[in-house]
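>>> Pasted the sequence and its predicted model underneath.
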Amino acid sequence: MSPHPGARSIAFSAALLLAAFAGCGAPESGKTHITFWALGAEGEHVAKLIPGFTERHPDIDVRVQIIPWNAAHEKLLTAFAGGSLPDMCQLGNTWIPEFRTLNAIDNLSPWVARSSTVHDSSYFPGIWDTNVMDSLLYGVPWYVDTRVLFYRTDLLAASGVSSPPRSWEEWFDCSARMKKRYPESYANFFSTNNEWAPPVIMGLQEGSRLLKENNTLGDFSGPEFTSAMRAFTTFFKNEWAPVKTAQIVSVYQAFAEGYFAMYITGPWYIGEFKNRLPDSLQGKWMTAPLPGPNGGIGLSLAGGSSLVMFSRSAHKEAVWQLIEYLSGPETQLEFYRLTGDLPARIETWRDSSLAGNKFTAAFFEQLKHVVPTPKVPEWEQIAQKVREYVELITMNQYTVDEGLRSLDREVNVILEKRRWLLHGR
Amino acid sequence: MAGRRAVILFLGPALLAIGIFFVVPVLAAFVLSFTDFDIYALGNFDFARFVGLKNYAQLLADPLFWKAFRNTLEFLLIGGPLSIGVSLGAALMIQSKLVRWKGFFRTAYFSPVVTTLVAVAVVWRFVYHPRFGILNYLLSLVGIRGVDWLGDQHWAMPAIILMAVWKNFGYNMVIFIAGIQNIPEELYEAASIDGAGRFAQFRSITIPLLAPTTVYISILTMIGYFQLFAEPYVMTQGGPLNSTLSVVLLMYQQGFRWWNMGYSAALAFVLFAFILIGSLIQSRIQKRWEA
């Protein structure tokens, strides 16, 4: 122990202060510095695209900071509270309503109106729509993601099914045939223990808006979602999907073993299946757009990330330059090659690396049929509740009606503040 | 007068620091717990309302809170005594006259305490891996079929407890060693002259004379274990099926994931009340022991 802890701490504070000043530094004359927070794998790869930008804009200096995905949401909100947000960021497009509520992100419509590269017509409408609130645009889609059906072609064929299901009826029929052919296995797998997407997707396909009255009340006990939930439980009642999902240690292994043959998931599984499934199974799996309740392609979720500009940024012109650069067709293609993330711009899909990829074709079709989840800041919290109740319903702890009524009650508690803000004050 | 000024001069900086960094935030959190401060209020302070005891009422009616509370108790009641037992055992072994390289073992057992938890968690995730983990491999050697430690809702908490005990026992062990060294050697000599065996010596000398140390350790362990957070946060994120969700993790999720700061603050004060009650019970037991 130091005999003069006080003196020591003063010296320490002084050192910290000095370091802080040094950190600010004097900006290089004439150069604009912007900070860009990118998340996870995208963050690691986007740095490679930056030199191409600074070549064209030598006066702008870009600092990319990588934020891990699972800490991103907390970090962004804390940074907002502390006034230390960067100039721009990659934002999961379901988070946009939240940051718009905070007035943390800027309306980009005026910038787009002046832009020669970014236009709504270049993007998938459902994806573009996730960034629009009260007809103002708050983010530019960067890469997209949605859910499609991954399936084992060999197992379906062995059960006498030659093509993936194109309607719910075909889906049920296909599941029943598979159960007959492989009584020990399951046709489908829904990870109800950590995923809310499949039941929500089926609800959207049945026409449910999920929330009602200007998104202030839950509509899960409404007729559309109830009907979707009944269809969803059919899979579990007939043992077309396992109820005890925790027993599946690895989705890849279970898919390889033929424990299940159909799985609704996102584009990152293309890479995962290529890397993790044994060689003998390559060529025995495929992707297909989701089946709709009455045939045709069913709706799926409009996911992905957008680029947003923070309101507090002092260098909005430079930020917009970078957003435009990252949204350009060549950059989008380069980004796809680096990350495997599906590009948001439609014309990029014409490139042979995407057009010739049989696995991404289903995504291209599906992306024309995507809708956003309700654009309220509470959505993530509500989605977790949906997952909880769906799991309880599949485990027969609740009937469909009871479960959805309780779900609505909990959702209405979460939305109480929103009702007060819109009506009560 | 000069004396008083000196007192203020010496205590002032410390009191100021405690005031700014401790008293004010705690009071602010207490006020916060009676409001519905949330994401809307973060954007505009006018959107925060005083809601009285509503957060507390909602909390006590929330099954998720009780789930987290039961998990925390399970961790505390199994992990606490286990950790203290292992610490005592290790301390006795190291202090035993038969053991050589005492310094080495003391350092080795203490090293997990000073290792970063995140680094430790990465290694333990490998240990617990259902297919490639060494734990399941060792079990398979004796013919036991391994389980998915962190993925099974019944085994995730025991797995967390095991890791936490391994990580923390070194700290209490050092305190126990100090306690053992304080026991006069003459007592053991006198006892052995009286014909007491090793076990009798342990029961009648070591245990009673270590009682104050044990009480001190158990209170500290209880306070620490009640605040279980980092282990499930890093290893399981509270899953599967909330089987490793602790009260502090729930508080963190409510506060920083959903930004329900009012609710989260209420949770903090409920946890504080539980820790206070636990400490009071333990100190009451201690007094009865000493009387």
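That came through, no problem. Residues are numbered from 1 along each chain as shown, chains lettered A, B, ... in the order given.

>>> what helix or strand is the closest residue to B:Q253 other than its chain neighbours on?
Leaving out its chain neighbours, the residue that sits closest to B:Q253 by Cβ to Cβ, 6 or more residues apart in numbering or on different chains is B:G238, at 7.3 Å. The way it works is simple: take the backbone N, C-alpha and C, and place the C-beta from them, glycine included. Assigned by DSSP states H and E, B:G238 belongs to neither a helix nor a strand.

>>> near chain B, which residues of the stretch 51-200 of chain A?
A:70, A:73-74, A:77-78, A:80-81, A:98, A:101-104, A:193-194 (Cβ under 8 Å from any Cβ of the partner chain).

>>> ok, now the stretch 251-400 of chain A?
When proximity is defined as Cβ under 8 Å from any Cβ, the stretch 251-400 of chain A approaches chain B at A:377, A:380-381.

>>> For stretch A:316-325, list the C-alpha coordinates in CSV.
Once non-C-alpha atoms are left out, stretch A:316-325 reads as follows in CSV (Å, rounded to 0.1, in the frame of the first residue of the first chain):
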residue,chain,number,x,y,z
LYS,A,316,-23.9,14.8,-41.7
GLU,A,317,-22.7,15.5,-45.2
ALA,A,318,-19.7,13.1,-44.8
VAL,A,319,-22.0,10.5,-43.2
TRP,A,320,-24.3,10.6,-46.2
GLN,A,321,-21.4,10.3,-48.5
LEU,A,322,-20.4,7.1,-46.7
ILE,A,323,-24.0,5.8,-46.7
GLU,A,324,-24.2,6.4,-50.5
TYR,A,325,-20.9,4.7,-51.1
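
>>> for it, which positions count as buried?
Residues A:316, A:318-325 are the ones in stretch A:316-325 that count as buried (16 or more other Cβ atoms under 10 Å in any protein chain shown).

>>> what is the mean pLDDT for it?
The average of the pLDDT scores along stretch A:316-325 is 96.

>>> ditto for stretch B:63-77
Average pLDDT, stretch B:63-77: 94.

>>> send the alpha carbons of stretch A:58-67 over as CSV?
The C-alpha trace of stretch A:58-67 is given here as CSV (Å, rounded to 0.1, in the frame of the first residue of the first chain):
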residue,chain,number,x,y,z
PRO,A,58,-9.5,11.9,-49.2
ASP,A,59,-10.9,14.7,-47.0
ILE,A,60,-13.0,12.3,-44.9
ASP,A,61,-11.4,10.0,-42.3
VAL,A,62,-13.6,7.1,-41.2
ARG,A,63,-13.2,5.3,-37.9
VAL,A,64,-14.9,1.9,-37.9
GLN,A,65,-15.6,0.5,-34.4
ILE,A,66,-16.8,-3.0,-34.1
ILE,A,67,-19.6,-3.7,-31.6
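
>>> Out of the buried residues of stretch A:316-325, flag the one nearest to A:G207.
Using Cβ to Cβ, A:I323 is the member of these that sits closest to A:G207, with 34.8 Å.

>>> Next up, identify which helix or strand the closest one is on.
Going by DSSP H and E, A:I323 is part of helix A:316-327.

>>> Which strands or helices does that helix pack on?
Here helix A:316-327 touches strand A:32-39, helix A:50-56, strand A:60-67, strand A:88-92, strand A:140-145, strand A:303-309, helix A:329-339, going by 3 or more Cβ pairs under 8 Å, 6 or more residues apart in numbering or on different chains; DSSP states H and E.

>>> what's in contact with it?
Residues outside helix A:316-327 that contact it (Cβ atoms under 8 Å, 6 or more residues apart in numbering or on different chains): A:32, A:34, A:36, A:46, A:49, A:52-53, A:56-57, A:60, A:62, A:87-88, A:106, A:108, A:111, A:115, A:117-118, A:140, A:142, A:307, A:309, A:313, A:331-332, A:335, A:344-345.

>>> Is there a neighbour count for residue 120? I'd like the number.
All of this is about chain A. 14 (other Cβ atoms under 10 Å in any protein chain shown).

>>> that's the other chain; I wanted chain B
A count of nearby residues for B:V120, using other Cβ under 10 Å, gives 18.

>>> SS state for the residue lying closest to it once chain neighbours are set aside?
Nearest-residue entry for B:V120: B:K167, 6.0 Å, with adjacent residues in sequence omitted and distances by Cβ to Cβ, 6+ apart. At B:K167 the chain is in helix, as set by DSSP: H, G, I helix; E, B strand; the rest coil.
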